[in-house]
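Trainee: Build me a model:
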Amino acid sequence: LPTLVLLNMADELHKQDGGVDVLSLARQLGTPVALVSATTGAGLEAVTNFLSASSPLPEPMELPVVGSTRSVREWAVRVGENANYRRPATPIWTKRLDDVFLNRTWGPVIFAVVVIAVFQTIFAVGQPLSNLLQKFLDVTGSRIGTLLPDGMLRSLLINGVWKGTGSVLVFLPQILLLFLVIGILEDSGYLARAAVIADRTMSRVGLNGKSFIPLLSAYACAVPAIMATRTIESKRDRIATILIAPFMTCSARLPVYTMVIAAFLPNNPLLGPFLGTRAVAMLSLYLLGFLMAVLTARLLKSTVLRSKDAPFILEMPPYRWPKFSSLMMRLVDRGKAFLYRAGTVIMLVSLLLWAATNFPMHNGHPPAIQDSIVASLGHAIEPVIKPLGFDWKIGVGLVTSLAAREVIIATLGTLNGIDAESHSFDLQNALRHELSIPAAIALLVFFAFAMQCMSTIAVVRRETNGWKWPAIQFAYMTIVAYVSAYAAYNIAGHFIH
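Mentor: From the prediction side, this is the model:
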């Protein structure tokens, strides 16, 4: 295919006294090369010209051996020298910051402080915004309800769609705050340093720093994280990373964690305004998922997925101020994705749940929720989850959350909106009414480990070319989640009554 090679960040190259002869490089690669800057727009006219012109096919060329770090490096050095590549000078303040951030003692400490600050921000800033959004949705739902006549249509729109979907939408501020902070850390160049720090830990369990980037992106969503493992040359390391990626706490778990923590744990300060009990609880759940990922990686790399150690090579970008436009584009993209899921998957599940709670009809009226189809499903699986302290409503939520983890919130919002005993409660009060504190802890632990996401299962099947690994992964994570939740429920029950 006709190919155009774009060398981005040309403005940074020139600013730091670097350079490259693009014509010489184009002759070596056998295809056109252009220096561009996505930030300033410089050089992007080359893309338009290339697309509008009739470009020849690239000339055949000899490439380095795939998977051989030495061969790739020697090829890159040779091509760079022939193209008169002049490495940009590293800013002095970048070197000074690296002396601190990459220090073997202070580096991990600073990383821990950054992580704690992220979760404290989610609760200190995100929770008030979430509460405002909740009040807005409640008032809007009440006003819409007054405009509709009593009947099935009003019940469908208010108890089904509005309460189900709205119970998830209230967590949009926390989701956006999480991606804003991650975007700032990534664009500033700090996350590349975090990969180096993580490599020191990951090498002890048989993984290298190349697994860090996919695992880091799994904190947003496991699906692109699993696709990002394609950059890992070792097949065994790649499969191991795929298998542990869903243990990372993705953004879909965040609404579940926030809902349960806010319902059962008061936000008492531990270090003044800098750290509260809810932030510590959230951090503990993220840490719990990470530790299980590390233990699983250690198990895999010492048994079925043994492999040789591979060198970790990563070019450190200079520290820079994040661009406001870039951050906003990222937030808009993630906000659209969240709203799209709320408007499709979550709304569909809410509609199905509403139908399952309103049928079969008795004398032209909806049945009591205990006599509905959804209650029959919940009571059928209740014996399995009762040892964890869960009732049939939580059981239904666990089933529906296979579509997407946050669907459990819409499920409970719909069920409690219809249930005569709890319809007057908000969702947090309804949870306190139905769950004991040990059961709430068990629910958090279950969601920390369970693979409640059909999209992730599908992408694992595609990336591993079969059902073997996704089946093993789903069974393993479900067993770990159930056993851990059972242990958490019983241990907590001894201390909390």
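
Trainee: Phi and psi next, for the residue lying closest to residue 25 once chain neighbours are set aside.
Mentor: Residue nearest to residue 25 in three dimensions, not counting chain neighbours: residue 83, with 3.9 Å by C-beta to C-beta, 6 or more residues apart in numbering. Placement of C-beta: from N, CA and C, glycine included. Main-chain torsions, residue 83, degrees, to the nearest 10: phi -100, psi 10.

Trainee: Can you check what pLDDT the model gives residue 83?
Mentor: Note for residue 83: predicted pLDDT of 90.

Trainee: Please list all residues in contact with it.
Mentor: For residue 83, the contacting residues are 20-22, 24-25, 28, by C-beta atoms under 8 Å, 6 or more residues apart in numbering.

Trainee: Let's see that with 6 Å instead.
Mentor: Residues near residue 83 by C-beta atoms under 6 Å, 6 or more residues apart in numbering: 20-21, 24-25.

Trainee: I'd assumed residue 33 was in contact with residue 22.
Mentor: Yes. The criterion here is C-beta atoms under 6 Å, and residue 22 meets it with residue 33 at 4.6 Å.

Trainee: correct me, but residue 119 touches residue 281?
Mentor: No. The pair residue 119 / residue 281 is not scored as a contact, 9.0 Å apart, by C-beta under 6 Å.

Trainee: Just want to know which of those two has more residues nearby.
Mentor: Relative neighbour count places residue 119 above the other of residue 119 and residue 281, with 25 against 20, counting by other C-beta atoms under 10 Å.

Trainee: mind checking how far that one is from residue 22?
Mentor: Using C-beta to C-beta, to the nearest Å, we find residue 119 at a distance of 45 Å from residue 22.

Trainee: can you check residue 363 too?
Mentor: Counting by C-beta to C-beta - residue 363 and residue 22 are separated by 80 Å.

Trainee: Neighbour count: these two, which is higher?
Mentor: Per other C-beta under 10 Å, whichever of residue 363 and residue 22 has more neighbours is residue 22, with 18 against 5.

Trainee: separation between that one and residue 163?
Mentor: According to C-beta to C-beta, residue 22 stands 58 Å off from residue 163.

Trainee: before we move on, what about residue 111?
Mentor: Distance, residue 111 to residue 163, by C-beta to C-beta: 40 Å.

Trainee: and the two? which has more neighbours close in?
Mentor: residue 163 (25 against 16).

Trainee: For the protein, which segments count as strands?
Mentor: Assignment of strands within the chain using DSSP state E yields the ranges 5-7, 33-35.

Trainee: Flag every buried residue along the first one.
Mentor: What it means is strand 5-7. Applying a neighbour-count criterion of 16 or more other C-beta atoms under 10 Å, one finds residue 6 buried in strand 5-7.

Trainee: So which elements touch it?
Mentor: Applying 3 or more C-beta pairs under 6 Å, 6 or more residues apart in numbering; DSSP states H and E, we find strand 5-7 packed against strand 33-35.

Trainee: do that again at 10 Å, thanks
Mentor: Applying 3 or more C-beta pairs under 10 Å, 6 or more residues apart in numbering; DSSP states H and E, one finds that strand 5-7 contacts helix 22-29, strand 33-35, helix 45-52.

Trainee: Repeat that for the last one.
Mentor: Packing partners of strand 33-35 (3+ C-beta pairs under 10 Å, 6+ apart): strand 5-7, helix 10-15, helix 22-29, helix 45-52.

Trainee: and the angle from the third one to helix 45-52?
Mentor: Our comparison of helix 22-29 with helix 45-52, counting by axes from the mean of the first three to the mean of the last three C-alpha atoms, to 10 degrees, yields an angle of 40 degrees.

Trainee: right, and the pair among the contacts of residue 83 with maximum separation?
Mentor: Greatest spacing in the contacts of residue 83, by C-beta to C-beta: 20 and 24 (8.3 Å).

Trainee: If you count surrounding residues, which of the two has more?
Mentor: Taking other C-beta under 10 Å, residue 20 and residue 24 do not tie; residue 20 has more neighbours (18 against 15).

Trainee: Distance of residue 48 relative to residue 4?
Mentor: 11 Å.

Trainee: the more surrounded of the two?
Mentor: Legend: neighbour count by other C-beta under 10 Å for residue 48 and residue 4, higher for residue 4 (16 against 9).

Trainee: for the chain, which spans come out with low pLDDT?
Mentor: Low-confidence segments of the chain, defined by pLDDT under 70, span residues 66-67, 205-206, 208-209, 307-313, 417-425, 497.

Trainee: what's the single longest helix in it?
Mentor: The helix that spans the most residues within the chain, counting by DSSP state H, is helix 468-495.

Trainee: Quick one: distance of that one to the chain centre.
Mentor: The chain centre lies 21 Å from the centre of helix 468-495; the measure is C-alpha atoms, centre = their mean, to the nearest Å.

Trainee: Residue numbering should commence at 125 henceforth.
Mentor: From this message on, residue numbering opens at 125, which makes the last subject helix 592-619.

Trainee: buried ones in it?
Mentor: 593-594, 597-598, 601, 604-606, 608-610, 612-613, 616-617.

Trainee: What is that helix packed up against?
Mentor: Under the contact criterion of 3+ C-beta pairs under 10 Å, 6+ apart, helix 592-619 touches helix 359-368, helix 401-425, helix 497-509, helix 561-573, helix 578-588.

Trainee: how about a cut-off of 8 Å?
Mentor: Helix 592-619 sits against helix 359-368, helix 561-573, helix 578-588, with contacts defined as 3 or more C-beta pairs under 8 Å, 6 or more residues apart in numbering; DSSP states H and E.

Trainee: Only alpha carbons, please: show the longest one as CSV.
Mentor: When you say that, I think you mean helix 561-573. Extracted C-alpha coordinates of helix 561-573, given in CSV (Å, rounded to 0.1, in the frame of the first residue of the first chain):
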residue,chain,number,x,y,z
ILE,A,561,-21.5,-4.2,56.5
PRO,A,562,-19.8,-7.6,56.1
ALA,A,563,-21.9,-8.3,53.0
ALA,A,564,-21.0,-4.9,51.6
ILE,A,565,-17.3,-5.7,52.0
ALA,A,566,-17.9,-9.1,50.3
LEU,A,567,-19.5,-7.3,47.4
LEU,A,568,-16.6,-5.0,47.0
VAL,A,569,-14.1,-7.9,47.1
PHE,A,570,-16.2,-9.9,44.6
PHE,A,571,-16.2,-7.0,42.1
ALA,A,572,-12.5,-6.5,42.6
PHE,A,573,-11.7,-9.9,41.3
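
Trainee: counting contacts, what elements does that helix pack onto?
Mentor: Using 3+ C-beta pairs under 8 Å, 6+ apart: helix 561-573 touches helix 377-388, helix 401-425, helix 592-619.

Trainee: cool, the shortest one as well?
Mentor: Contact analysis of helix 359-368 by 3+ C-beta pairs under 8 Å, 6+ apart lists helix 336-341, helix 401-425, helix 578-588, helix 592-619 as its packing neighbours.

Trainee: and residue 493, which of the ones you listed is closest to it?
Mentor: Each of the helices and strands packed on helix 359-368 has some distance to residue 493 by C-beta to C-beta; the shortest is helix 592-619, at 25.2 Å.
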